[in-house]
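Undergrad: what follows is a predicted protein model with its sequence.
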Amino acid sequence: MLLQVRNVTRLFGTKAAVDNISFDVAKSGFVGIIGRSGAGKSTFLRMMNRLTDATGGEIAFEGRNILTLQGADKRAWQSQCAMIFQQFNLVPRMDVASNVLHGILNRRSTLSTMFSFWPDDDVLKALAILDRLGIAEQATKRAEALSGGQQQRVAIARALMQDPKVILADEPIASLDPMNAQIVMDTLRRIHDEDRRLVIANLHTLDTARRYCDRVIGMRDGRIVFDGTPEQLTTGVARDIYGADASFSENATSTSIEALPSDADADYARRMLA
Ligand SMILES: Nc1ncnc2c1ncn2[C@@H]1O[C@H](COP(=O)(O)OP(=O)(O)OP(=O)(O)O)[C@@H](O)[C@H]1O
Ligand SMILES: [Mg+2]
C-alpha cells in the first residue's frame, strides 16, 4: 500500500476542520480533492506535508507513519512530499533558475547558497527541468516578470528539483485564466504519467477534477462524502458534495468561462478564478 490515511482529525478549538477521515491509495495515481470553501481540503494537504500537526490519526506512506516524524526525518519527508500553492510562492525578484534551485535549499549549506555557489550539477538539473516544462528560455528572468501560468510551472520545477515521491497541489490553477490553467494541469498530469509520482490536488472546479483525475475525493464539513472515479461524479453527486441548493449549477464550478449561460454565473466563475 502506497498511502494509508487512518482516522485523521484536525481540530481548531472545538471545530473539526478535518473530521476522522480514512482512505487508501494502493498505487501511484492522480487524486483530486473537491469540496466547497472550508471543507478541510487545505488542512488535509498541510497535515500530509507536516505544515500543520494532526490532532489524531495516522498517515502511512510506504508503510511508515509520517505524522510522528521529527527533526531530520520530518524534513526528509517534507522534501519527498513537495507542495504547490495557488499563489506560486516564488521569490518574485529572484531569477527563475535560482527559484528552482531553492527547491533543494535545505540540502545545501547556507554559506554556498548565500553566495549563489550552486554546484554545476544542480544548475544543470534545474535547467533540464525548466526545459522539460517548456520554460527554459525564462531561466534568467526575474520570477515576477513571468505570466501566472509560467510562474506556476516554475513552482512545479522547484518541486521536481526535490525529486519528490508525492506532489501536493493546493488549488494550483485557481489564480489562472483557463488557457494557463490547462497548461499547468497538463504539466501536472504529465509528471504523474511519465514519472509515476503520486499527485494529490485540491481543485476548485468540477470539470478539471473530471478531466484530469483518476480518482476524486469529495469533502464536506471535514468528512469524505464521495470517493470514486470521474465517471461516478455525476451532477447529483456533485450537488451533495457542494451542499448546494436547487440553484446549484455545474457551470458555476467550471473553469471554462465560455460555457457559462448567464452573467451571474459568469461573474461567480470569474470571482472564483480571480
Ligand atoms: N489556522 C486555523 N485556525 C482556525 N481555523 C482554521 C485554521 N485553518 C483552517 N481553519 C478552519 O478549518 C476549516 C477548513 O479550512 P480549510 O482551509 O482546510 O478549507 P478548504 O477546503 O481548503 O477551503 P478553501 O476552498 O476556501 O480553500 C475552515 O472552517 C477554516 O476556517
Ligand atoms: Mg483551501
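TA: Nice, thanks for sending it over. Ligands and ions are numbered 1, 2, ... in the order given.

Undergrad: which of the three states applies to Ala97?
TA: Of the three states, Ala97 takes helix under DSSP: H, G, I helix; E, B strand; the rest coil.

Undergrad: who in the chain is up against ligand 2?
TA: 41-42 (CB under 5 Å from the ion). Quick note: C-beta positions are derived from backbone N, CA and C, even for glycine.

Undergrad: now the strands for the chain?
TA: 3-12, 15-25, 30-34, 56-61, 64-65, 81-85, 166-170, 198-202, 215-220, 223-228 (DSSP state E).

Undergrad: mind putting those strands in a markdown table, distance to Gly103, mean pLDDT and mean neighbour count included?
TA: As requested, the strands of the chain are arranged in a markdown table below (distance: least, CB to CB, whole Å; pLDDT from 0 to 100; neighbours: other CB atoms under 10 Å):
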| stretch | distance to Gly103 | mean pLDDT | mean neighbour count |
| --- | --- | --- | --- |
| strand 3-12 | 22 | 98 | 18 |
| strand 15-25 | 24 | 98 | 17 |
| strand 30-34 | 21 | 98 | 24 |
| strand 56-61 | 20 | 98 | 17 |
| strand 64-65 | 23 | 98 | 12 |
| strand 81-85 | 7 | 96 | 21 |
| strand 166-170 | 12 | 98 | 24 |
| strand 198-202 | 16 | 98 | 24 |
| strand 215-220 | 27 | 97 | 23 |
| strand 223-228 | 31 | 98 | 16 |
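
Undergrad: with distance to Gly243 added, can I get these in JSON lines?
TA: What follows is those, written out as JSON lines (distance: least, CB to CB, whole Å):
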{"stretch": "strand 3-12", "distance to Gly243": "20"}
{"stretch": "strand 15-25", "distance to Gly243": "15"}
{"stretch": "strand 30-34", "distance to Gly243": "12"}
{"stretch": "strand 56-61", "distance to Gly243": "24"}
{"stretch": "strand 64-65", "distance to Gly243": "32"}
{"stretch": "strand 81-85", "distance to Gly243": "25"}
{"stretch": "strand 166-170", "distance to Gly243": "21"}
{"stretch": "strand 198-202", "distance to Gly243": "17"}
{"stretch": "strand 215-220", "distance to Gly243": "6"}
{"stretch": "strand 223-228", "distance to Gly243": "9"}
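
Undergrad: for these, which one sits closest to Arg50?
TA: strand 81-85 (8.0 Å; CB to CB).

Undergrad: I'd guessed Arg196 sits against Gly29; true?
TA: No: in this structure Arg196 lies outside contact range of Gly29 using CB atoms under 8 Å: 9.5 Å.

Undergrad: the more surrounded of these two?
TA: Shown here are Arg196 and Gly29; by other CB atoms under 10 Å, Gly29 has more neighbours (16 against 11).
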